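Undergrad: one predicted model, sequence on top.
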Amino acid sequence: MSEPTQAAAPVRSYRDLRVWQQAMDLVEATYRVTKRFPSSERYGLVTQLRRAAVSVASNIAEGHARSLGDYLRHLLVSSGSLSEMETQFIVSTRLGILPAAEAESLLQSCDQVGRMLGGLRKSLRARRSRAPSP
């Protein structure tokens, strides 16, 4: 016999979205790790990584407040920023700034957020296709 499924809590705000919460965790982790980067990277990788991390969460939030089409576009921007972060973490490792084990953990977090963004986009596209035509 199958287990009863727990009903998902209603989404009243972008703050209720697990993907936004995970993106915010990634922002915090990014700030923590870049705090240890050399000062010579303050205007390079540190700034790039922090801006991209904030962009992921910010675009989820901003898109949530807009039309469905705009929401989907903002989620694509979030995915692009996530790809930037992945690349910059790999660059940081290749330059010997970020230990490989730490980079791997951050890349796994990026992958998880990316999968969640993909799921949200898929769900929103399905909702759009079910919507009655004007």
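TA: Noted; the coordinates are in hand.

Undergrad: any low-confidence regions in the chain?
TA: 1-8, 133-134 (pLDDT under 70).

Undergrad: for it, what spans make up the helices?
TA: Using DSSP state H, the helices of the chain run over residues 18-34, 47-64, 68-94, 100-130.

Undergrad: redo these as CSV? Include mean neighbour count and distance to E41.
TA: The C-beta positions use only the backbone N, C-alpha and C, and glycine is treated the same way. Formatted as CSV, the helices of the chain follow (neighbours: other CB atoms under 10 Å; distance: least, CB to CB, whole Å):
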stretch, mean neighbour count, distance to E41
helix 18-34, 18, 8
helix 47-64, 20, 8
helix 68-94, 18, 8
helix 100-130, 15, 15
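
Undergrad: of those, which is nearest V11?
TA: helix 47-64 (8.4 Å; CB to CB).

Undergrad: who are the packing partners of that closest one?
TA: helix 18-34, helix 68-94 (3 or more CB pairs under 8 Å, 6 or more residues apart in numbering; DSSP states H and E).
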